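Asker: Structure for this input, please:
(4 chains)
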There are 4 protein chains.
Amino acid sequence: MKKIEVGVLGATGMVGQNFIRFLEGHPWFELAWVGASDRSAGKPYAEATAWRLDGPMPETVAKLVVQECRPETKAPKLVFSAMDASVATEIERAFAEAGHYVVSNSRNHRMEPDVPLLVPEINPDHLGLVAHQHRRGWKGAIVTNPNCSTVALTMGLVPLKPFGIEKVVATTMQAVSGAGYPGVASFDIVGNVIPFISGEEGKMETETLKILGEFAGDHVEFLPAKVSAHCNRVPVLDGHTVAVSVALRDKPHLKDLIHAYETFTALPQKLKLPSAPPKPVLYLHEENRPQPRRDAGRGNGMTVTVGRLRTCPVLDYKFVCLAHNTIRGAAGAAVLNAELMYAQGLLK
Amino acid sequence: MKKIEVGVLGATGMVGQNFIRFLEGHPWFELAWVGASDRSAGKPYAEATAWRLDGPMPETVAKLVVQECRPETKAPKLVFSAMDASVATEIERAFAEAGHYVVSNSRNHRMEPDVPLLVPEINPDHLGLVAHQHRRGWKGAIVTNPNCSTVALTMGLVPLKPFGIEKVVATTMQAVSGAGYPGVASFDIVGNVIPFISGEEGKMETETLKILGEFAGDHVEFLPAKVSAHCNRVPVLDGHTVAVSVALRDKPHLKDLIHAYETFTALPQKLKLPSAPPKPVLYLHEENRPQPRRDAGRGNGMTVTVGRLRTCPVLDYKFVCLAHNTIRGAAGAAVLNAELMYAQGLLK
Amino acid sequence: MKKIEVGVLGATGMVGQNFIRFLEGHPWFELAWVGASDRSAGKPYAEATAWRLDGPMPETVAKLVVQECRPETKAPKLVFSAMDASVATEIERAFAEAGHYVVSNSRNHRMEPDVPLLVPEINPDHLGLVAHQHRRGWKGAIVTNPNCSTVALTMGLVPLKPFGIEKVVATTMQAVSGAGYPGVASFDIVGNVIPFISGEEGKMETETLKILGEFAGDHVEFLPAKVSAHCNRVPVLDGHTVAVSVALRDKPHLKDLIHAYETFTALPQKLKLPSAPPKPVLYLHEENRPQPRRDAGRGNGMTVTVGRLRTCPVLDYKFVCLAHNTIRGAAGAAVLNAELMYAQGLLK
Amino acid sequence: MKKIEVGVLGATGMVGQNFIRFLEGHPWFELAWVGASDRSAGKPYAEATAWRLDGPMPETVAKLVVQECRPETKAPKLVFSAMDASVATEIERAFAEAGHYVVSNSRNHRMEPDVPLLVPEINPDHLGLVAHQHRRGWKGAIVTNPNCSTVALTMGLVPLKPFGIEKVVATTMQAVSGAGYPGVASFDIVGNVIPFISGEEGKMETETLKILGEFAGDHVEFLPAKVSAHCNRVPVLDGHTVAVSVALRDKPHLKDLIHAYETFTALPQKLKLPSAPPKPVLYLHEENRPQPRRDAGRGNGMTVTVGRLRTCPVLDYKFVCLAHNTIRGAAGAAVLNAELMYAQGLLK
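Answerer: Here you go, the predicted model:
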């Protein structure tokens, strides 16, 4: 099979670097184009970029010449967006209008009615919204993935959805890699907790309801539930841990929920999408798991781990869930979205 | 004023060391006796103890000869107990029976009906239970303070009590010093979160209701509320942070709650007890506080800080509170209890 | 005694904040003036400054109106400089020329022949250079303190100076607070070591020789020794630890060196300068000390701790020394310099 | 090819777990036997072991029944020893006497004259000592690998050996995983440095000279050099970083040394041993590398990284080197030793 050429918008930043690392050796996609700010444009990627991830920069990208983030630059049809929120709105629109499929990690368009906020294991049918973006006069489309902490929460909740999710109280302990670079100053976080992340709680509280909502033709009916988020930064490198209490309409037994976790599988697994982990949600029975340093990397960072399911004296049940924030919560999320789009014939 | 001689049971361990450091230079109490295991008995404290706290061991204690933990060893009438739970039950009883006032940080007797689980700012009247311990045939008594994470939660909640606390969901991020020594292995916690602390959630869920309950002569009527705790260990040295959602019967306005926090004061402040901080609960208005490394030490570690009060989509309000776990949550808590007992004439 | 008014240049930055905290309650000096960039000038300090240190901003400074860093702004005669190196050269000169005594923590003028690089316990006579600054046509003068890691090294070495220091190999493990704010990104240092600090090794290798050199009227004869520095950043908040190997001309016995450490005292102790700790160098006999978190704060952060003196198979001896980088290595260093200047009549 | 059955002595401890993880999927060796203390013997490995490494326990080992550490238990001819030093001496001898090849990570026999202290890239000819162990009446033999910090140092030095290594001053910053489990208490190392590791400096100073020494038939002529080690523990998970100053007899140019690093290769690479990394020593040209979190995992943890080579004012040159302590410094080291032994026909 001939690989599909892809591009990355915002390729030199931290999220962009995560895209480039995640795409290395991808069986379907080949990185052929990198876009960044005007300051970087024209330089080889290796020169324009301060590589901050573990291990060396992939050799294949090092020599690519950085382009301006304009559709006229011969960008491939499929572009991943790792753009900063301050500039993503206009640029992503311009690419979609010009016929590109923009698979974006940016928050800017997530809550627009005709833009899918996609998690392939949860709401693959939401991709149907794409057809409605043509009403905007666009030849292409924008497809988004959730905020990194929202992914952990929604994947931890989705096996419980059949029992009727009514209320959720979620407290996060989030890794520093989620803040980009330079992100959190070490002087602020060494041996410390910062109980605040700007804008994060609102994103978790609203995105969750859209993701778990029902596709209704030209829009999504939000899940009629209430979500409360407490977001905290902790001195962890990768992996957002979430302590969750949940009220369930059907008042199921604990063993029914464990069974739901242990048997959960979804469309990406059925389609054997390249980035889909064998177990999208893995329930760990040890009493002190999941832990970010030990479990965030499971399934190449794409498996969300859950543990400690037990009754909650206030709502019905409580548990802990965990996702790798820069993989399942960002670059891997978007790539899986693109794989689903390809598998469903959207990128042809 | 002549100082009152006091002793410390379990003086060589970490909690014992915290007692010794906290008592240094105390205006009312003078450390005159230290008890520990038979292995240490007979040795000077400096020789029997691997001092692990910052700064040097107080010189006054260094030469005290460690005694066995038996009442016959001429221990003072007032003894603080820093004993390990595995041995505290019998030893504390033996001292109380023999006429000592045992002011204990151990969990063993906290939930007994005639034992005060005392936080002087919250429930000073619970000291009335002491009289009922004489029915056991004891000449002395046992008075306890709560588990370290419970102190943070109850002090964070007490200003809201007039509005009718009905439901509480509390997620902790707890410091490693709360686990004693050697406690948490660094291999387990460097760059990690451990979402489990053995027995901790149960303690928070039950102790909170007793502490906030009503004194009823020979017992305490527990607060008729529901508490759910999620307990986590994070790589922080000192200070337990708690993210709290709370439902309040009276549905007050946010400004009423802020006012309640800002005006909260209590009996220890009125009595000017030596270890009582001017502000027992301090509300911080910065958007990202309290933080353990920056705020746990306020008021010499005796002030509990609160911040980020805001509406909760599931319960009514949510906030963050923080207490220094080895001071307000252990040694300082017990010493404040003893100060209250002395001020109320119990130790004469 | 009427207090002497002082100012702080660069008062809003991290070093400036450390000056302000260190000066709070100072028995001789009273903070009366704060200067910062034009952007901050005209605002109250509390409004112009994002306070980042533990505990609250001192109330006395909160209402001071920030001034521009120009001598015409009625700055006091004595000003401490916490200026960034990018702007310190001209501004410090302008103040000195205009008659101010600039006691600077900046690196810019440290190595000029007529500028004292002062550590009061080591080279108080170097203050004699000040007289030679008048040749520049200045009415005031500039006096500097060393780089933070150099202070740890030179204070650790000075008790050995009588034995003839010939060669020094020093490897630092430096705290993140030494990098200012935002300084080191947490993504770079959580669970990591960065074996490089820009410009730091050169400063340690040259400043050490000037500090330990001999005052020769209008200049300093550098110590005729060789120093090699390896500088590393580690995930520690405060306190620079240095592992040192040293060759000594006189080949003394180990016990002579221990005696030298234990009996070392100096002029600031004799003069009882307010910030001079009783023990400027404290030798710790425990096998695993000094440690930054436990020992950097000794003597209010002004005592340098030393330990583990033992023979070195390559040079003669090796040991570990430690200094609090933002106190003994910055704000406290400069204030002690000013105290010495005052005690010697320079500020009248 | 039929795989060779191997066993692990001390399989349930941390070093043993590292062996088991490293051997998973090995192309030549198949784990068929696990031995541990009498307390564990008779139980399935999964039951006897608290698995502490990232990711799940390999399934292949989970069901193996733990054996006593006695040669009569049908242990394979090749056994890796991860035994604690307190028991390794007698048990390893018993196995060697009974005909087993004991490839040991324990320190107990490293310095015996007829026992190879083997690093395959440095001194493969030292394996010749094995023949002399038969004089002890042994049918088998003991082969050892160095202490974890010694591996980093000697691999960092070996490319310089042709220039005549005369003096070495080495300061380590060592990861907590090197201390086993529970190892370093988190209360001791969070935000801290411990400038002492019991016994470590002596091991580095003597082992280095044996490893870099010359095989002389029935013993090794130690390298006639002097080594001084300063050993420190830092809050890093994996990877020992070493800052090194070295004096070289031939006074080479810097570019000659860089060339030596860049062209260094050795017998394991020539033999294509399965665990031999393509680059045993990798020189990194970035100014701030190697860093443990980012570089320790290179070459599957078997590549030692070096950087920052520059002139040293006291000795001749200085540099930083880094090795993954539980892989290149322990389990991987021993497995590579066994691979060399097999490739040279010793295990037939």
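
Asker: Tell me the backbone dihedrals of the closest residue to residue A:201 other than its chain neighbours, please.
Answerer: Spatial nearest neighbour of residue A:201, chain neighbours left out: residue A:229 (4.2 Å); criterion: CB to CB, 6 or more residues apart in numbering or on different chains. (Each C-beta comes from the backbone N, C-alpha and C, glycine too.) Note on residue A:229: its backbone torsions stand at phi -120, psi 140 [degrees, to the nearest 10].

Asker: Let me know the secondary structure of the spatially most distant residue from the centre of chain A.
Answerer: Using CA atoms, centre = their mean, the residue of chain A lying farthest from its centre is residue A:313. It sits 31.6 Å away. With DSSP: H, G, I helix; E, B strand; the rest coil as the basis, residue A:313 sits in coil.

Asker: tell me the contacts of the residue of chain A found nearest chain D?
Answerer: Distances between chain A and chain D by CB to the nearest CB are smallest at residue A:191, namely 4.1 Å. By CB atoms under 8 Å, 6 or more residues apart in numbering or on different chains, residue A:191 lies in contact with A:235, B:235, B:236, B:237, B:292, B:293, C:237, D:190, D:191.

Asker: Quick check: which element contains residue A:196?
Answerer: In the assignment (DSSP states H and E), residue A:196 maps to no helix and no strand.

Asker: does it really touch residue B:291, like I thought?
Answerer: No: contact criterion CB atoms under 8 Å: residue A:196 and residue B:291 do not qualify, at 9.1 Å.

Asker: Just the helices from the stretch 51-200 of chain A, written as ranges.
Answerer: A:59-62, A:85-97, A:130-133, A:148-157, A:186-189, A:200-211 (DSSP state H, counting those that start in this stretch).

Asker: Distance-wise, check residue A:98 relative to chain B.
Answerer: As for residue A:98, its distance to chain B is 39 Å (criterion: CB to the nearest CB, to the nearest Å).

Asker: how about the residue lying closest to that residue once chain neighbours are set aside, what does it touch?
Answerer: Among residues not flanking residue A:98 along the chain, residue A:71 sits closest, at 3.6 Å (CB to CB, 6+ apart). Neighbouring residues of residue A:71 by CB under 8 Å, 6+ apart: A:94, A:95, A:97, A:98, A:99, A:100.

Asker: What is the most widely separated pair among those residues?
Answerer: A:94 and A:99 (10.7 Å; CB to CB).

Asker: Between those two, which has more neighbouring residues?
Answerer: residue A:94 (15 against 12; other CB atoms under 10 Å in any protein chain shown).

Asker: Return the nearest residue of the stretch 1-150 of chain A with respect to chain B.
Answerer: For the stretch 1-150 of chain A, CB to the nearest CB, closest residue to chain B: residue A:54, 13.1 Å.

Asker: On the pLDDT front, check that residue for me.
Answerer: Per-residue pLDDT puts residue A:54 at 85.

Asker: Which of the helices or strands spans residue A:6?
Answerer: Once you assign secondary structure using DSSP H and E, residue A:6 falls within strand A:4-9.

Asker: Export that strand to CSV, keeping only CA atoms.
Answerer: C-alpha atoms of strand A:4-9 as CSV (Å, rounded to 0.1, in the frame of the first residue of the first chain):
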residue,chain,number,x,y,z
ILE,A,4,-0.8,8.7,2.5
GLU,A,5,1.1,11.9,2.8
VAL,A,6,0.3,14.0,5.8
GLY,A,7,1.3,17.4,7.2
VAL,A,8,1.6,18.9,10.7
LEU,A,9,0.5,22.4,11.4
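
Asker: next one: that strand to chain centre, how far?
Answerer: Mean-position distance between strand A:4-9 and its chain equals 18 Å (CA atoms, centre = their mean, to the nearest Å).

Asker: picking up where we left off before, more neighbours, residue A:196 and residue B:291?
Answerer: Set residue A:196 next to residue B:291 and count neighbours by other CB under 10 Å: residue B:291 wins out with 27 against 19.

Asker: residue contacts, that one?
Answerer: Going by CB under 8 Å, 6+ apart, residue B:291 touches A:192, A:193, A:194, A:195, B:241, B:322.

Asker: again, 6 Å this time
Answerer: With CB atoms under 6 Å, 6 or more residues apart in numbering or on different chains as the criterion, the residues that contact residue B:291 are A:192, A:194.

Asker: what does residue A:248 give?
Answerer: By CB under 6 Å, 6+ apart, the residues touching residue A:248 are A:163, A:164, A:316.

Asker: Tell me the residues on the stretch 151-300 of chain A that lie near chain B, please.
Answerer: Taking CB under 6 Å from any CB of the partner chain, the part of the stretch 151-300 of chain A that reaches chain B is made up of A:167, A:169, A:171, A:173, A:191-196, A:226, A:228, A:230, A:234-237, A:241, A:243, A:245, A:287-288, A:291-293.

Asker: how about a cut-off of 8 Å?
Answerer: Within reach of chain B by CB under 8 Å from any CB of the partner chain, the stretch 151-300 of chain A has these residues: A:167-169, A:171, A:173, A:190-196, A:205, A:226-228, A:230, A:232, A:234-237, A:241, A:243, A:245, A:287-294.

Asker: Not counting residues beside it along the chain, what's closest to residue A:57?
Answerer: Nearest non-adjacent residue to residue A:57 (CB to CB, 6+ apart): residue A:51, at 4.4 Å.

Asker: Residue A:23 now?
Answerer: Closest residue to residue A:23 apart from its sequence neighbours, by CB to CB, 6+ apart: residue A:31 at 5.1 Å.

Asker: in the sheet, who's paired with the one you found?
Answerer: Beta-bridge partners of residue A:31, counted by DSSP bridges, are residue A:6.

Asker: from what I can see it touches residue A:64, true?
Answerer: Yes: using CB under 8 Å, residue A:31 is in contact with residue A:64, at 7.4 Å.

Asker: Looking only at neighbour counts, state which of the two leads.
Answerer: residue A:31 (23 against 19).

Asker: mind checking the SS state of residue A:322?
Answerer: strand.
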